[in-house]
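Q: Build me a structure from this.
(one chain, ligands or ions: 1)
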Amino acid sequence: MSKRSNPLPRDAVSLEFTAEQMQHMTDLCARHAIDHVVSLESRPSWNLDGVEEVAASFREPPPDQGTSIEELLPRIEQGAAQTFTTPGPGYLAFIPGGGLFPGALGDYLAGALNRYVGVWNPAPALVQLELTAIDWIRELVGYPAGAQGLLTSGGSLSTLIALVTARRNRLPEHFLDGVVYVSSEVHHCVTKSALLAGFPEEQVRRIEVDERRRMRVGALEKQIEADREHGLRPFLVVSSAGTTNTGAIDPTPEIADLCERHDLWLHVDAAYGGFFRLLPQGRELLPGLERADSLVLDPHKGLFMSYGNGCLLVRDPEALRRAHQSRADYMQDLQRPDGAVNFADISPELSRDFRGLRLWLCFKLLGVAAFRDNLREKLELARWAYEELRATPGFECLDEPQLSVVPFRYVPQHGDVNEFNRRLLQRVNDKRRVFLTSTMLEENFVLRIAVLSFRTHARHVQACVHDVVESARELEEAS
Ligand SMILES: Cc1ncc(COP(=O)(O)O)c(C=O)c1O
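A: Numbers count the residues shown, from 1 in each chain. Below you'll find the predicted structure:
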């Protein structure tokens with residue numbers, strides 16, 4: 001070393017914790033999380049009382065100095081207490097999530113281990129663990145062997161990646177004559193993805209649906225032919241395997257036949273419905289998913305994982321690679337061995353969390369049979385609610401459940417039906433045992449019971465139907 005005066009920089013404030021400190025903080029966080037999860041059953045289905053103040057308390061400047069975890073946990077709890085109780089058993093709104101506890105442990109471990117899984121070389125075994133979890137999903141829903149996939153933050157991002165993959169594989173660089181076909185019931189993330197993928201809004205064709213809200217294949221074919229005649233380039237059809245609105249299932253086999261005839265990319269949005277394919281009757285309930293060029297599934301729906309768990313499967317792995325692979329000199333040391341997968345080569349992300357661990361841990365700890373049984377229960381609970389409401393005078397179910405969503409309304413003896421149902425929704429939710437949301441079917445304001453959380457069992461759906469029927473009676477009496 002030289003004799004020049006070149007003093008070493010002083011060490012920064014340590015950001016490392018001692019083993020005792022880590023143990024202490026982890027114990028407190030674990031205690032907090034466990035108490036919260038245990039309390040879910042007895043919490044109101046929603047509570048936003050005074051939330052503006054709590055929200056305002058989080059508007060604060062960056063802290064220059066640290067605070068103890070003891071001080072921070074109550075603040076986090078306060079934020080969590082004033083919410084829709086989305087992980088609770090009474091949450092029957094939109095498409096419910098869940099939040100399997102081992103998934104949280106997976107996140108904790110993944111964050112603490114903090115290994116780099118964006119490419120293969122830095123952590124081959126961990127990348128393989130994630131690939132295996134993805135391949136389990138593929139196998140369980142009956143998608144062809146050899147397909148490849150990735151885990152994402154959810155259905156929206158998976159859809160965007162799928163649409164860009166389709167675009168880059170099926171259309172030239174200048175693609176503005178490309179046309180995307182969806183049903184009028186498609187999830188809005190699909191139309192949004194089409195716009196984000198660069199397509200003009202008028203080239204996202206919304207095909208009409210039948211009386212059970214499934215895409216009309218005849219109308220689809222006519223539109224494709226008309227577009228071709230006008231010099232446009234049809235290239236992608238999206239089939240919904242369980243819509244958010246009512247759980248409607250598009251006729252994917254017929255749509256797949258049509259895609260074959262016209263040489264179009266078939267994308268299936270099975271974000272909500274796809275995991276019902278785990279059931280013995282799943283293949284009949286949701287036929288044709290195996291024929292999709294790309295398939296979106298949301299483990300944070302049908303596998304009961306916490307929010308932030310999506311999955312995309314693509315039949316031809318090279319299609320994903322063609323759409324995403326790019327190179328840089330500074331990556332030259334990370335050449336992928338033959339047969340290995342770099343997630344960065346098949347997705348938009350480079351650095352990212354080790355998200356496969358939570359899924360792998362849940363599958364390993366719980367076993368697939370437990371998922372299957374929970375999915376069975378959800379279908380049966382929806383059917384039970386439908387039968388109860390259908391048999392109750394005044395109630396009208398607009399369709400029998402195709403999966404686990406039950407749309408219904410009450411037809412009062414007098415007055416405006418939509419207005420009555422708006423008040424009915426409010427009254428049911430005001431009891432705070434369950435939380436429902438609504439939709440419009442044509443001009444009709446309709447309530448929905450969406451059963452998907454692993455915490456929702458017969459007693460909760462029974463409470464829901466009770467509150468709905470009682471609320472309708474109370475409103476009728478008051479009018
Ligand atoms: C059928 C369907 N597709 C896509 C999505 C979007 O998924 P995410 O909310 O995970 O982005 C949803 C969400 O409810 C959905 O139900």
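
Q: of all the residues in the stretch 301-450 of the chain, which ones are close to the ligand?
A: Contacts of the stretch 301-450 of the chain with the ligand, taken as Cβ under 6 Å from any ligand atom, map to G310. C-beta coordinates here come from the backbone N, C-alpha and C atoms, glycine included.

Q: Find the closest residue to the ligand in the stretch 301-450 of the chain.
A: For the stretch 301-450 of the chain, the residue closest to the ligand is G310, as judged by Cβ to the nearest ligand atom, at 5.4 Å.

Q: Next, count neighbours for that residue.
A: Look at G310: counted by other Cβ atoms under 10 Å, it has 25 neighbours.

Q: Could you do the one 5 residues further on as well?
A: By other Cβ under 10 Å, the residues close to R315 number 20.

Q: which residue is nearest the middle of the chain?
A: What sits nearest the mean C-alpha location of the chain, by Cα atoms, centre = their mean, is D298, with 4.1 Å.

Q: Now that one: closest residue in space, sequence neighbours ignored.
A: A271 (4.1 Å; Cβ to Cβ, 6 or more residues apart in numbering).

Q: Next: A270.
A: Excluding the flanking residues, the one nearest A270 by Cβ to Cβ, 6+ apart is A241, at 3.9 Å.

Q: hmm, back to that, quick check: bridge partners of the residue of the stretch 301-450 of the chain closest to the ligand?
A: T152 (DSSP bridges).

Q: Retrieve the pLDDT associated with it.
A: Note on G310: pLDDT of 98.

Q: Which residues are in contact with it?
A: For G310, the contacting residues are 151-158, 271, 296-300, by Cβ atoms under 8 Å, 6 or more residues apart in numbering.

Q: Which parts of the stretch 1-150 of the chain are helices?
A: Residue ranges of the helices in the stretch 1-150 of the chain, as given by DSSP state H, counting those that start in this stretch, are 19-39, 51-57, 69-81, 101-113, 124-140.

Q: I'd like the ones you listed as a markdown table, with mean pLDDT, distance to the ligand and mean neighbour count appended.
A: Converted to a markdown table, these look like this (pLDDT from 0 to 100; distance: least, Cβ to the nearest ligand atom, whole Å; neighbours: other Cβ atoms under 10 Å):
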| stretch | mean pLDDT | distance to the ligand | mean neighbour count |
| --- | --- | --- | --- |
| helix 19-39 | 98 | 22 | 12 |
| helix 51-57 | 97 | 22 | 12 |
| helix 69-81 | 97 | 20 | 13 |
| helix 101-113 | 98 | 15 | 17 |
| helix 124-140 | 98 | 15 | 18 |
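
Q: Figure out which of these is closest to L389.
A: Smallest distance to L389 across the helices of the stretch 1-150 of the chain (Cβ to Cβ): 29.9 Å, for helix 19-39.

Q: tilt between that closest one and helix 69-81?
A: Following axes from the mean of the first three to the mean of the last three Cα atoms, to 10 degrees, one obtains 20 degrees for the angle between helix 19-39 and helix 69-81.

Q: can I get the CA coordinates of helix 19-39 in CSV?
A: The C-alpha trace of helix 19-39 is given here as CSV (Å, rounded to 0.1, in the frame of the first residue of the first chain):
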residue,chain,number,x,y,z
ALA,A,19,-29.4,-11.5,16.2
GLU,A,20,-31.3,-10.5,19.4
GLN,A,21,-32.7,-7.4,17.7
MET,A,22,-33.9,-9.4,14.7
GLN,A,23,-35.5,-12.0,16.9
HIS,A,24,-37.2,-9.3,19.0
MET,A,25,-38.6,-7.4,15.9
THR,A,26,-39.6,-10.6,14.2
ASP,A,27,-41.4,-11.9,17.3
LEU,A,28,-43.3,-8.6,17.6
CYS,A,29,-44.3,-8.6,13.9
ALA,A,30,-45.3,-12.3,14.1
ARG,A,31,-47.4,-11.7,17.2
HIS,A,32,-49.0,-8.8,15.5
ALA,A,33,-49.7,-10.7,12.2
ILE,A,34,-51.1,-13.7,14.1
ASP,A,35,-53.4,-11.6,16.3
HIS,A,36,-54.7,-9.9,13.2
VAL,A,37,-55.4,-13.0,11.3
VAL,A,38,-57.0,-14.7,14.3
SER,A,39,-59.3,-11.7,14.7
